[in-house]
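> Below is the structure, and that's it, no one-letter string:
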């Protein structure tokens, strides 16, 4: 059915202006420009003019969208809910204005009601055109709760028909005809369960006069993720005729994302789709206002305390300093010790009038010892914060190779985690800073996504960069030192573009760097070479291939100046090779840092354990060779052919050999996983006769 207008309604009070503004921005961004969209916001009369202006801000540039504020008294609604005000509720008493919508919009037959804690990801005209004849509303089941927790709100309501009232397509005409408003109010007066504000009441009064809508129109995705151990995905498939293997497969289908749990994206940076919410937040009137969030791993804290924590952080002022320089490090636990040395180098060259706000991104496996060690560092003008960002990349298959670990992808998370800053410096852990890094921060990025220095290429990578990545050699940059434009990164949705690009390319030699160059092509501000002196090019063993372009001459010129930042690139590191040129800078700062003894002990331990320069024991090196030989065998190649289709059906691929430095136990697991795979066992059986023949012929 072709429609000319879509009528949408929100209910909001002063405390919910920010999320509601983001929700409106998402509607505007994704609506069909050919269809008129009327967005109404029903509010109590005590809301400020600034709040009202903020709600209309997002629609100004859209000719087909109009936002109208409707003030309505709470009168007797105010006293309907008798619950304990100290208890956490997903909605305030303002939500009871939903009972009055048929009367407020007495000239409309249908309206689409949306809670403020949603984001719309697609055009809603198809939803609005659903035929509601004979129904009070169209709504979506309250998943996943209806699957594992049977509702007991009325004997006439089937557990699996219990719906979520955060998204309702309302048949206002029928609601008026049947005088449903008075039934809603009367039922609320006599209802004793105060666990929810309005949802149970709508379910009791509407009973079986509700059209069950597809689940993508009200996806409580965070609830689905958090409760994944309480339900079986097959139950959702049964209810909706789907064939999802896991909840992740549902994500691309979501049209309305409902943040219906305590884990709100304006409080937590690491809940599902928090970055997408931030994308729409940046389109609101609040986009210039810094938003500070914390990790949802602290969800055991009382909600009131979380709000206080976030408000305190967002209002925190550094009055003693004229400027704040935000810097991020990320790395595996082993590398974080060297980040401590890099922090010392920053401090040694810092401007005493500036605050250097340093954040260290870690995963959930990083020991409390190294975390506490980093947090214990005390400097007059350096503040250190450790962020666990594990959940930000949950469920995403990240390719790792050689000495590049999954932590290399954490730099893609910087803008969403530190969204309060317009730009942020990222540094690899293996650097020594020899100048005030504030000078790097002062660079005007304009509309560029990042600032980075050229990666000095040699001929052996020429084909990869030019023909595979389709990037001009002189445009290819190193990702170890970056100045990131947070606003542009979020507004252009670059993190998800990087993730999708990583899926497109297979087995990249420098995964995060290659992807960053592809996605940011044409939008990279070129830094002076001195900001990223890539030290390994000076060594004879690195000169197998000559430089391309004029990199040889440019690199030679760097020796006439002291580099601003020495980047200890490649697996050749100054803590293992103190005799190498420029290693002395690392040791100069290491001796002054709190990590000096740790760095020394770590390398003495490697020597005493008989580890090779890749950090492996003889046993591990031998297993690695065995895996390499196995992967060259005809049986293994046949097993890959046999397992090709099953792997594709399951979206899997063979994992590469673990990077050098992996312990023997992990390498054994890799070897055993090959031997125990069904495809390899079948290949062994198929190759039995050829092996016998080969043996006979050899004799």
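Perfect, thanks for sending it. Please read these numbers as outputs of a predicted model, since none were measured by experiment.
> C-alpha only now, for contacts and for neighbours.
Fine.
> all helices of the stretch 251-400 of the chain, in order?
Taking DSSP state H, counting those that start in this stretch to define them, one finds helices in the stretch 251-400 of the chain at 274-281, 303-315, 333-348, 368-375.
> Let me know the secondary structure of residue 113.
Of the three states, residue 113 takes strand according to DSSP: H, G, I helix; E, B strand; the rest coil.
> check contacts around residue 339.
Residues near residue 339 by CA atoms under 8 Å, 6 or more residues apart in numbering: 329, 428-431.
> Could you export the residues you listed as TSV, including distance to residue 603, neighbour count and secondary structure?
Formatted as TSV, the contacts of residue 339 follow (distance: CA to CA, whole Å; neighbours: other CA atoms under 10 Å; DSSP: H, G, I helix; E, B strand; the rest coil):
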residue	distance to residue 603	neighbour count	secondary structure
329	22	28	strand
428	20	24	coil
429	17	25	coil
430	15	25	coil
431	18	27	strand
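> In JSON lines: those residues, plus pLDDT and distance to residue 25.
Shown next, in JSON lines, are the contacts of residue 339 (pLDDT from 0 to 100; distance: CA to CA, whole Å):
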{"residue": "329", "pLDDT": "97", "distance to residue 25": "33"}
{"residue": "428", "pLDDT": "97", "distance to residue 25": "36"}
{"residue": "429", "pLDDT": "96", "distance to residue 25": "38"}
{"residue": "430", "pLDDT": "96", "distance to residue 25": "41"}
{"residue": "431", "pLDDT": "98", "distance to residue 25": "41"}
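> From those residues, pick the one nearest residue 34.
Distances from residue 34 to the contacts of residue 339, taken as CA to CA, are shortest for residue 329 (46.4 Å).
> Just the helices from the stretch 1-150 of the chain, written as ranges.
17-30, 49-57, 101-104, 125-128, 145-148.
> Of all these, which one comes closest to residue 410?
The closest of those to residue 410 is helix 17-30. By CA to CA, the value is 25.5 Å.
> ok so, going back, quick check: which of the helices of the stretch 1-150 of the chain is buried the most?
Of all the helices of the stretch 1-150 of the chain, helix 17-30 has the most neighbours on average by mean count of other CA atoms under 10 Å, namely a mean of 25.
> Packing partners of that helix?
Judged by 3 or more CA pairs under 8 Å, 6 or more residues apart in numbering; DSSP states H and E, helix 17-30 is in contact with helix 49-57, strand 118-120, helix 274-281.
> Touching that helix from outside, list them.
Residues outside helix 17-30 that contact it (CA under 8 Å, 6+ apart): 10, 12, 39, 51, 54-56, 58-59, 62, 65, 115-123, 266, 277, 280-281, 283-286.
> right, and the helices of the stretch 1-150 of the chain - which one's nearest residue 574?
Residue 574 lies closest to helix 17-30 among these, at 48.2 Å (CA to CA).
> Tell me what angle the closest one forms with helix 274-281.
Going by axes from the mean of the first three to the mean of the last three CA atoms, to 10 degrees, helix 17-30 is angled at 80 degrees with respect to helix 274-281.
> what does the average pLDDT come to for helix 17-30?
For helix 17-30, the mean pLDDT works out to 97.
> roughly how far out does it sit from the chain middle?
Distance of helix 17-30 from the chain centroid (CA atoms, centre = their mean, to the nearest Å) equals 20 Å.
> Can you check what angle separates that helix from helix 49-57?
Inter-element angle recorded for helix 17-30 and helix 49-57: 20 degrees (by the same axes, to 10 degrees).
> so where do the strands sit in the stretch 451-600 of the chain?
Ranges of strands within the stretch 451-600 of the chain are 481-485, 524-526, 533-534, 565-567, based on DSSP state E, counting those that start in this stretch.
> re the thing from before, determine which of the helices and strands packed on helix 17-30 approaches residue 628 most closely.
Between residue 628 and the helices and strands packed on helix 17-30, the tightest spacing by CA to CA is seen for helix 274-281, at 40.3 Å.
> quick revisit: now render the strands of the stretch 451-600 of the chain as a markdown table, adding distance to residue 682.
Shown next, in a markdown table, are those (distance: least, CA to CA, whole Å):
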| stretch | distance to residue 682 |
| --- | --- |
| strand 481-485 | 48 |
| strand 524-526 | 50 |
| strand 533-534 | 48 |
| strand 565-567 | 48 |
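> nearest to residue 455, of the ones you listed?
Nearest to residue 455 among the strands of the stretch 451-600 of the chain is strand 533-534 (8.0 Å), distances taken as CA to CA.
> quick one: low-confidence ranges for the stretch 551-699 of the chain?
Applying pLDDT under 70 to the stretch 551-699 of the chain picks out residues 605-619, 645-666, 694-699.
> give me that answer again for 50
The stretch 551-699 of the chain contains residues with pLDDT under 50 at 613, 651-653.
> Where do the helices of it begin and end?
Under the criterion DSSP H, counting those that start in this stretch, helices of the stretch 551-699 of the chain are mapped to 551-558, 583-592, 596-608, 618-631, 634-642, 644-649, 664-676, 678-686, 688-698.
> Redo these as JSON lines? Include distance to residue 443.
Converted to JSON lines, the helices of the stretch 551-699 of the chain look like this (distance: least, CA to CA, whole Å):
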{"stretch": "helix 551-558", "distance to residue 443": "21"}
{"stretch": "helix 583-592", "distance to residue 443": "25"}
{"stretch": "helix 596-608", "distance to residue 443": "33"}
{"stretch": "helix 618-631", "distance to residue 443": "46"}
{"stretch": "helix 634-642", "distance to residue 443": "50"}
{"stretch": "helix 644-649", "distance to residue 443": "46"}
{"stretch": "helix 664-676", "distance to residue 443": "44"}
{"stretch": "helix 678-686", "distance to residue 443": "55"}
{"stretch": "helix 688-698", "distance to residue 443": "65"}
